[in-house]
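> A structural model of the following input is requested.
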Amino acid sequence: METPADAIEITRNGAASRFEIRLDGELVGIAEHFDDDEFRAFVHTEVDPAHSGKGLAGKLIGHALRQTRADGLKVDPVCPYVAAFIRRHPQYRDLLA
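Residues are numbered from 1 along each chain as shown. Now for the predicted structure:
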């Protein structure tokens, strides 16, 4: 079941090196990354199991990849979920390091 877009907020928490997704204000998922001058390595993606099946991980990673493109960085998809997401969404393949 999809979650209504107006209930979702996705932000980048630079201090914690991660993107965060909130559902009605509650932190329910993260995408941890590490940046250097040219690359953003996504190392771990996690969504609270109580919220699985709502499409939140995909929304989180899609947002994170669009922001990475806007930041002028390439992606190193260490996290298996991010690697699989890019395989399923060819519009992000240009980001691969």
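> Could you pull out the helices in this protein for me?
Using DSSP state H, the helices of the chain run over 56-70, 80-88.
> right, so those helices: which one is the most enclosed?
Here the criterion is mean neighbour count by mean count of other C-beta atoms under 10 Å, and of the helices of the chain the winner is helix 56-70, at a mean of 19. Yep, even glycine has a C-beta here, placed from its N, CA and C like the rest.
> gap between the two ends of stretch 40-59?
18 Å (C-alpha to C-alpha, to the nearest Å).
> tell me the contacts of the spatially closest residue to residue 12 that is not a sequence neighbour?
Take residue 12 and drop its neighbours on the chain: the residue closest to it by C-beta to C-beta, 6 or more residues apart in numbering is residue 19, 5.2 Å away. If you count contacts by C-beta atoms under 8 Å, 6 or more residues apart in numbering, residue 19 has them with 10, 11, 12, 13, 30, 31, 33, 60, 63, 64, 67.
> Equivalent analysis for residue 78, please.
If you count contacts by C-beta under 8 Å, 6+ apart, then residue 78 has 41, 42, 43 around it.
> Throw the helices of the chain into a markdown table and include distance to residue 50 and mean pLDDT, thanks.
Formatted as a markdown table, the helices of the chain follow (distance: least, C-beta to C-beta, whole Å; pLDDT from 0 to 100):
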| stretch | distance to residue 50 | mean pLDDT |
| --- | --- | --- |
| helix 56-70 | 11 | 98 |
| helix 80-88 | 18 | 98 |
